[in-house]
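Visitor: Everything below, folded, please.
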Amino acid sequence: MRKLFFTLVASIAATAPVYAEVFELPPEGYDVIGTVSTITARYEDTLVDIARRHGLGYYDLVQANPDVNVWLPGEGTEIILPNRFVLPPGPRRGLVLNLAEFRMYYFPEPAEGKPAYVYTYPMSIGRMDWETPLGLTKIVAMAENPAWYPPQSVRDEHAADGDPLPRVVPPGPENPLGTRALRLGLPGYLIHGTNRPAGVGMRVSHGCVRMFPEDIEFLFDRITVNTPVRIINVPVKIGWDGEELVAEIHPLLEAPKPLVEDSLEQIEKLDADVELPALDPNSKDPLTYVTEQFIVATAERAGQLDWDLVEELVRRSDGIPEAVGLGIKNAATSAAFE
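Guide: Numbers count the residues shown, from 1 in each chain. You can find the predicted model right below:
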């Protein structure tokens, strides 16, 4: 699989943040991109530093390296870089934000006669008391060096904490929106940069989606108004990598918001064929998600799972994709229920 890295300056590529990870979309029968690799930590490294340099977020590295100290991994410590991903289920177009994996995927329209690509970025989402909503929407406006007009609810929260906010925060280093903002059709929600990049890959926002400054600037130059945006919460992804079924399993998020009211209308306007999953993590366990995604993955191609491997992957829930099954030729029924 061809993988293209964009870095700040070639001469400092080893230490500069990755602007984006871009993968050529795999051919039919393949749903997996990227590779898992390892590096050796330097004396001055933290997992947060390493994550940003390699297009990953906080939880990406913490889940993949559970026995490594976040702030003092230690010189010479081997660090797993989980840069392999199962593509999210559903249409591969526009922006897809999967809250469960703190990651977005951008599927731009390919130029005529050119291959299709997918861009992927880590992101922050709303904390438990300010959840990011699920739904289908689109980008309705774009702003460079935006001013921030804190909602009254946010101003009240800051005032209660003894940290009052002004009505308007002008562009600059104190602006939490960073240098770029994409306004969504969901009222009050943005995809934007940040002046606190260490929080990317965590549940830290008031519901908006935060990106590394270099990532939002890279995306901003390549995306347009009216790009469709699909926000999902899929902690288990299963896809094909040739003859293998590969699963990527993340911890369940607690109490995400249901679909916003406007989402069903947006589905009709943007893509009548899109059907959003009915998600209620509080009523499902991980194996239920596995069964659901297995059914999706094998809708047109029969396969079977090794449930011992699946249960081990569920136990770890580290977000690292692994093969858990194989295709079946001439199978009349799915092996999921054997």
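Visitor: tell me the centre residue of this protein?
Guide: Arg103 (1.0 Å; Cα atoms, centre = their mean).
Visitor: who does that residue bridge with?
Guide: Legend: beta-bridge partners of Arg103 under DSSP bridges are Asn98, Pro122.
Visitor: give the contact list for it.
Guide: Gly57, Asp60, Phe85, Leu97, Thr120, Tyr121, Pro122, Met123 (Cβ atoms under 8 Å, 6 or more residues apart in numbering). In short, each C-beta sits where N, CA and C put it, glycine included.
Visitor: what about the helices in the stretch 51-200 of the chain?
Guide: 58-64, 152-160 (DSSP state H, counting those that start in this stretch).
Visitor: Would you mind saying which of those lies nearest Lys284?
Guide: helix 58-64 (19.9 Å; Cβ to Cβ).
Visitor: For the host helix or strand of Glu248, which strands pair with it and how are they oriented?
Guide: Mapping Glu248 onto the secondary structure by DSSP states H and E places it in strand 244-249. Sheet pairing for strand 244-249, assigned by DSSP bridges, gives strand 236-241 (antiparallel), strand 322-327 (antiparallel).
Visitor: on that earlier part again, mean neighbour count, the helices of the stretch 51-200 of the chain: which tops it?
Guide: Using mean count of other Cβ atoms under 10 Å, the stretch among these with the largest mean neighbour count is helix 58-64, at a mean of 23.
Visitor: So which residues make contact with it?
Guide: Residues from elsewhere that reach helix 58-64 (Cβ under 8 Å, 6+ apart): 47-48, 50-51, 70, 79-82, 102-103, 122, 198-202, 250-251, 317-320.
Visitor: 6 Å - rerun?
Guide: Contact with helix 58-64 is made by Leu47, Ala51, Ile80, Pro82, Phe102, Gly201, Met202, Asp318, Gly319, Ile320, as judged by Cβ atoms under 6 Å, 6 or more residues apart in numbering.
Visitor: could you give the mean pLDDT of it?
Guide: The average of the pLDDT scores along helix 58-64 is 94.
Visitor: could the contacts of Arg103 go into CSV alongside distance to Glu244?
Guide: Below are these laid out as CSV (distance: Cβ to Cβ, whole Å):
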residue, distance to Glu244
Gly57, 26
Asp60, 23
Phe85, 15
Leu97, 27
Thr120, 21
Tyr121, 26
Pro122, 26
Met123, 28
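Visitor: And the furthest pair within those?
Guide: Greatest spatial distance in the contacts of Arg103: Asp60 and Leu97, 15.2 Å, computed using Cβ to Cβ.
Visitor: What score does the residue nearest to the centre of the chain have for pLDDT?
Guide: Per the predicted model, pLDDT is 97 at Arg103.
Visitor: so how far is Val86 from it?
Guide: The spacing between Arg103 and Val86, counted by Cβ to Cβ, to the nearest Å, is 11 Å.
Visitor: got it, and Tyr105?
Guide: 11 Å.
Visitor: Looking only at neighbour counts, state which of these two leads.
Guide: Neighbours were counted for Tyr105 and for Val86 using other Cβ atoms under 10 Å; Val86 has more, 26 against 21.
Visitor: quick one: the more buried one and Glu248 touch, right?
Guide: Yes. Counting by Cβ atoms under 6 Å, Val86 touches Glu248, with 4.3 Å between them.
Visitor: what do those two both touch?
Guide: Lys237, Pro321.
Visitor: if we can go back for a sec, closest one of the contacts of Arg103 to Gly303?
Guide: Nearest to Gly303 out of the contacts of Arg103 is Phe85 (Cβ to Cβ; 19.4 Å).
Visitor: Next up, the contacts around the closest one.
Guide: Per Cβ under 6 Å, 6+ apart, neighbours of Phe85: Ile33, Gly34.
Visitor: The one 10 residues further on too?
Guide: For Leu95, the contact set (Cβ under 6 Å, 6+ apart) comprises Met104, Tyr106, Val229.
Visitor: Dump the helix or strand encompassing the last one to CSV, keeping only the CA atoms.
Guide: When secondary structure is defined using DSSP H and E, the element that contains Val229 is strand 228-232. Listed in CSV are the C-alpha atoms of strand 228-232, where the atom choice follows Å, rounded to 0.1, in the frame of the first residue of the first chain:
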residue,chain,number,x,y,z
PRO,A,228,-20.5,16.1,3.6
VAL,A,229,-19.6,15.2,7.2
ARG,A,230,-20.7,12.0,8.9
ILE,A,231,-20.1,11.7,12.7
ILE,A,232,-20.3,8.2,14.0
